[in-house]
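Peer 1: starting from these lines, generate the structure:
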Amino acid sequence: MAEGSFAEVTLRVFRGDKDGGAPADYSVPLVPGMVVLDALHWIQAHQAPDLAVRWNCKAGKCGSCSAEVNGRPRLTCKTRMDSLPLDQPIDIFPMKSFPVIKDLVTDVSWNFKVNRKIPPFQPRPGVAWKMDQRDVDRIQEFRKCIECFLCQNICHVLRDHDKQEQFGGPRFFVRTASLEMHPLDGASRARLLKDELGIGLCNITKCCTEVCPEDIHITDNAIIPLKERVVDEFYDPLLMLVRKIRSAPKS
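Peer 2: Here you go, the predicted model:
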C-alpha cells in the first residue's frame, strides 16, 4: 500500500461500561508513522473527549495501552496504522478477559490478587552470591515482562472458560519461573502451581507466546519446565516410592 493512499480511516471503537455498550465510528486523518494510540488520542482531542483510554509511556514499555485491534490483543502504541487494512473500519475493543470499567479501560486488579499468592525470592541459607551467566540469561528473559496482560487476555482458560478462581495465567507462570529457576532461591512453589495456580489446565497452545510484545517464550521456557517440575514432584512413581520408604517408621 503506498504511503498517503488513504486520507482518512474509520476507527470503530467500543463505547460503554460494565452495563453494556456498542461500537461507535470515528473518522481519523492519517499521518505517516501514526499508531493506533495516536488515532485514539486524535479522537479524544477532536470528537470524543470523554473516550476512556489507558496509556502511559507510549513507548511499549509500560503495558498500559493493551486492547484488541481487529480482534487481536495488541499494544496500541506499537500497532502502526499502516500495518492494518485501511480500506475498512478498524475495530478497537477492550480486552475481553477483564471487566470493562469504561470504553477501552478494563479492571485488571484480579491479576494483582494472583500475584500476591506467589512467595517472593527466598535465598538459600549460606548461599554464595555468585551466578553463572547462563543462569542470569535464563531468568532475565522472564524479567522483560511489562505486565501488559495480553497473554492473560488471549489465554483460552481465562478468556473462554472463566477459570480465574482455579488458574493463574501465563503472566504468573512467567513470574513463578523467574523465581523457581533462580539458582540462589531456596523455596519450592510446585504445590502452589499445582493447587492454586492450576498449571495443569494449560494445554500449551502457545497463544500467549504469540501475543507477547517482549517476545518472551512463555510456553517453551516458562510453562513447560514448570509443568515438568510439578510432575516430578507429585506424579513421578520412582520419587513417590523413595518418599514412601523414607517416611516409613523404622522397625
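Peer 1: was I right about residue 129 contacting residue 184?
Peer 2: Yes: Residue 129 lies in contact with residue 184 (C-beta atoms under 8 Å); the separation is 6.9 Å. Yep, even glycine has a C-beta here, placed from its N, CA and C like the rest.
Peer 1: overlap in contacts of those two?
Peer 2: Between them, residue 129 and residue 184 share no contacting residue under C-beta atoms under 8 Å, 6 or more residues apart in numbering.
Peer 1: who has more neighbours out of these two?
Peer 2: residue 184 (14 against 6; other C-beta atoms under 10 Å).
Peer 1: ok, the more buried one to residue 191 distance?
Peer 2: Applying C-beta to C-beta, to the nearest Å, the value for residue 184 to residue 191 is 21 Å.
Peer 1: what of residue 11?
Peer 2: 47 Å.
Peer 1: now do residue 141
Peer 2: From residue 141 to residue 191 the distance is 25 Å (C-beta to C-beta).
Peer 1: more neighbours: those two, which one.
Peer 2: residue 141 (19 against 12).
Peer 1: which residues sit against the helix or strand hosting that one?
Peer 2: Using DSSP states H and E, residue 141 maps to helix 133-142. The contact list for helix 133-142 (C-beta under 8 Å, 6+ apart) reads 174-175, 177-178, 181-183, 216-217, 221-222.
Peer 1: tell me the mean pLDDT over it?
Peer 2: Per-residue pLDDT over helix 133-142 has a mean of 94.
Peer 1: distance from that helix to the middle of the chain?
Peer 2: 20 Å (C-alpha atoms, centre = their mean, to the nearest Å).
Peer 1: show me how far the following helix or strand past it is from its chain's centre.
Peer 2: Next along the chain after helix 133-142, taking DSSP H and E as the criterion, comes helix 150-154. The chain centre lies 5 Å from the centre of helix 150-154; the measure is C-alpha atoms, centre = their mean.
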